[in-house]
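>>> Got a predicted structure plus its sequence, pasted below:
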Amino acid sequence: MQQTILDTPIEYLKGVGPQRAAVLKKELQIFTYKDLINFYPYKYLDRTKYYKINELNSGINAEVQLVGKIIRLKTVEQKRGSRLVAVFTDGTAEMELIWFQGHKWIKENLQLNIPYVIFGKINHFNGLFSMPHPEMETVEEHKKSLQSALQPVYPSNEKLNQKNISNRSITKMMQQVFIETHHLFKEVFPENLINELRLLPKNESFFNIHFPKSAELLNRAQFRLKFEELFFIQLQLLSKNLVRKHKIKGFAFNVVGDYFNSFYHDYLPFPLTNAQKRVLKEIRIDMAHEAQMNRLLQGDVGAGKTIVGFMSMLLALDNGFQACLMAPTEILANQHFAGIKELADKINVKVSLLTGSVKTKERNQIHEELENGTIHILIGTHALLEDKVQFKNLGLSIIDEQHRFGVEQRSKMWKKNSLPPHVLVMTATPIPRTLAMSLYGDLDVSVIDELPPGRKPIKTLHFFENKRLQVWHFIKEEIAKGRQVYIVYPLIQESEKLDYKNLMEGYEALSRDFPFPKYRISIVHGQMHSKDKDAEMDRFVKGETHIMIATTVIEVGVNVPNASVMIIESAERFGLSQLHQLRGRVGRGAEQSFCVLMTGNKLSADTKVRMDAMCRTNDGFEISEIDLKLRGPGDIMGTQQSGVLNLQIADLVKDQDILKLARTKAIELLKEDINLEKPEHQALKFVFEILAKKNNIWNYIS
Ligand code: ADP
Ligand code: MG
């Protein structure tokens, strides 16, 4: 790599030296000049306004700036140490500047009776204003320095403060680095793009992000740097997708044969929705290429992803391959197995189930039948990933509710073949489109955006604890109508014991209010053996019990159409997307369904937003957008692992428009010059390759 002055180690910057460099490296990961320049302010203070002392009032909460002179210095002894006080005047009145530390240095350096610009927060005590630890410089210095009206404020922490690296020190270093590197920032974008988007050139952008000459230039600098950051991420994701399509060979499923056709024409249990037909076609076309499919199938809860998955598997079978479906929990695997077996039996497709509770003897048989090809479709949990599980020829892997599986586990699945199987990831957690673009920019996405006909929208209501009797009464009415009810309690790892206690207390109270034999209750929780869990679940599925009390184990996927009421206890303890997932367990039959959110009386502002959102909308995408805004991208399921989100300046929530623009432009660029060979793209290519080497983008296929 070509070395430039920008790669100079930070200790060589004038005024830094080895000791401060060590702190910069440790606390801020600033190793070189370039890192320093890329260390951006997180806010700016308006320094166009100068206050007079007699204008100050105790209501001013922000930092203020004044011009005046120090007329006296005194040291005041206190219980703990002493403080240095300077009496400061601007002719309108007097105030005090106060230091609790660093007296010696300040005494030696402060000059009396010459004009200073001071800046800081003010305190008000006994009719006298004071400013502790002001930032200050002489008016003369102030005029000389690269001052701008908008003063940058850099991220800081305790350690930096202790080591005396203040905002002011960072600003000084920044000034120095601009002096030493003077206009060495090479433009990376081609001229036509810069002109088209009116982008501020790189040089000016860097300068204005640190020393904004005006609010307008700051805006343009921010826009340009955000655009650049997002553009390179998109460029990498998109090119990775293209490369995979060119290089990662996959099985071409050319045939639509008997399995598929016979099922489609004779055994389809209901007409497919248009959305289901559309995504099925997308999947079929994708798998017909000689490249591995890597597709995300998104659809809200109840949208009907399973049948799409099943029919995709039939395509694999028609081409002489096996298929598998992996679910995050045993309950869900069992349910998929039951549902799919019913369909598969009709067309003589052999389906088996492999979970942790399958006995050794049966397990060995499954292993054998998988290897000799007797089994067409294998359904199961993580157990599918064990080394002993070897397919004769796996053509399609479907992963349901993807967020429960780690990235590593996913890639394990194609170690077993000569060529990787096609992969379809089904998720009911709608991810905001912009986030999907960044996280799955290298995946293809199909969306089922339509629910099967005849569903009535779920009514969601929020009740405070003191209205419990009313809720119980409502449950009894619904049960009298022949419906079934879920009651869900939170489960958080750290306080499992407490949750268990809540659940059991809830169970006991409920058993009193809903006495046997008139009411029958199932209970499922994490501390039960899976056999017992399944038995309880089974009783509920068959309609033998009226109420299912559970922790969030039922969150994902379980399907009981006759269950029409979902009560969520301590709803304030659930995140929005989890609440939405839980709600999705009802509303699967023809009856009106209800979701009741029970909370304590005191709600935080955040909780209120969540409850209101749930009561207002059933749209998973809308919910996920609100969730993203509340929690920020870092907390959305599964996204923590993604380096994509270590953004330096852009914000996936606030900068969605810039993200879309960056993606569009990256697509246009790759269409025009996929290998970045044109001379005007060389600067861009250089950066692209450095980033690619750093490999800080989530590597999906690893
Ligand atoms: P999810 O997308 O949440 O996995 P499922 O695949 O479990 O949804 O489907 C939910 C319910 O809707 C199931 O009972 C399924 O049989 C039914 N279903 C799916 N597609 C249709 C359709 N086109 N018409 C009617 N019912 C359907
Ligand atoms: Mg499902």
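Yep, it's here. Ligands and ions are numbered 1, 2, ... in the order given.
>>> element containing His336?
helix 330-345 (DSSP states H and E).
>>> ok, that helix near ligand 1 or not?
No - using C-beta under 6 Å from any ligand atom, helix 330-345 stays clear of ligand 1, coming no nearer than 7.3 Å. From N, CA and C alone the C-beta is placed, and that goes for glycine too.
>>> who touches that helix?
For helix 330-345, the external contacting residues (C-beta atoms under 8 Å, 6 or more residues apart in numbering) are 263, 267, 269, 306, 310, 325-327, 350-351, 353, 355-357, 376-377, 379-381, 400-401, 524, 530, 533-534, 537, 541, 553-554, 556-559.
>>> Filtering the residues you listed by proximity to ligand 1, which remain?
Within the contacts of helix 330-345, those near ligand 1 by C-beta under 6 Å from any ligand atom are Thr306, Asn559.
>>> you'd agree Cys324 is in a strand?
Yes - counting by DSSP: H, G, I helix; E, B strand; the rest coil, Cys324 is part of a strand.
>>> Which pLDDT value belongs to the closest residue to it other than its chain neighbours?
Using C-beta to C-beta, 6 or more residues apart in numbering and skipping the chain neighbours, the partner closest in space to Cys324 is Leu378 (4.4 Å). For Leu378, the model assigns a pLDDT of 97.
>>> Does anything pack onto the one helix or strand Leu378 maps to? Which helices or strands?
Per DSSP H and E: Leu378 is located in strand 377-380. On a contact count with 3 or more C-beta pairs under 8 Å, 6 or more residues apart in numbering; DSSP states H and E, strand 377-380 meets strand 322-326, helix 330-345, strand 351-354.
>>> who does the first one pair up with?
Spelled out, that is strand 322-326. Using DSSP bridges, strand 322-326 pairs in its sheet with strand 377-380 (parallel), strand 394-400 (parallel).
>>> any chance of those in a markdown table, with mean neighbour count too?
Shown next, in a markdown table, are the strands paired with strand 322-326 (neighbours: other C-beta atoms under 10 Å):
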| stretch | mean neighbour count |
| --- | --- |
| strand 377-380 | 26 |
| strand 394-400 | 25 |
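>>> just to revisit the earlier point, what's the strand holding Leu378 in contact with?
Contact with strand 377-380 is made by 313, 317, 322-327, 333, 336-337, 340, 344, 349-355, 366, 370, 384, 389, 391, as judged by C-beta under 8 Å, 6+ apart.
>>> again with stretch 461-468
Residues beyond stretch 461-468 that count as contacts (C-beta under 8 Å, 6+ apart) turn out to be 470-471, 571, 594-601, 611, 614-615.
>>> change it to 6 Å
The contact list for stretch 461-468, computed with C-beta atoms under 6 Å, 6 or more residues apart in numbering, reads Val471, Val596, Leu597, Met598, Gly600, Asn601, Met611, Cys615.
>>> Just the ones of the residues you listed in helices?
Mapping the contacts of stretch 461-468 onto helices (DSSP state H) picks out Val471, Met611, Cys615.
>>> what about burial for those, which qualify?
Val471, Met611 (16 or more other C-beta atoms under 10 Å).
>>> Out of the ones in helices among the contacts of stretch 461-468, flag the one nearest to ligand 1.
Set against ligand 1, the nearest of the ones in helices among the contacts of stretch 461-468 by C-beta to the nearest ligand atom is Cys615 (21.6 Å).
>>> in what helix or strand does the residue lying closest to Leu160 once chain neighbours are set aside lie?
Distance criterion C-beta to C-beta, 6+ apart; nearest residue to Leu160, sequence neighbours excluded, is Glu27 at 5.6 Å. Here Glu27 sits within helix 17-28, counting by DSSP H and E.
>>> got it, and Val85?
Assigned by DSSP H and E, Val85 belongs to strand 82-89.
>>> With Leu297 instead?
Using DSSP H and E, Leu297 falls within strand 294-299.
>>> quick revisit: any of the contacts of helix 330-345 buried? List them.
For the contacts of helix 330-345, buried by 16+ other C-beta under 10 Å: 263, 306, 310, 325-327, 350-351, 353, 355, 376-377, 379-381, 400-401, 524, 530, 533-534, 537, 541, 553-554, 556-559.
>>> what kind of secondary structure is the one residue in the stretch 551-700 of the chain that gets nearest to ligand 1 in?
Nearest residue of the stretch 551-700 of the chain to ligand 1 (C-beta to the nearest ligand atom) works out as Asn559 at 4.9 Å. At Asn559, secondary structure determined by three-state DSSP is coil.
>>> How much space separates it from Ser446?
Asn559 is 21 Å from Ser446, where distance means C-beta to C-beta, to the nearest Å.
>>> still on that earlier bit, would you reformat the ones in helices among the contacts of stretch 461-468 as JSON lines and include pLDDT and distance to ligand 1?
Listed next are the ones in helices among the contacts of stretch 461-468 as JSON lines, based on pLDDT from 0 to 100; distance: C-beta to the nearest ligand atom, whole Å:
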{"residue": "Val471", "pLDDT": "96", "distance to ligand 1": "26"}
{"residue": "Met611", "pLDDT": "96", "distance to ligand 1": "23"}
{"residue": "Cys615", "pLDDT": "96", "distance to ligand 1": "22"}
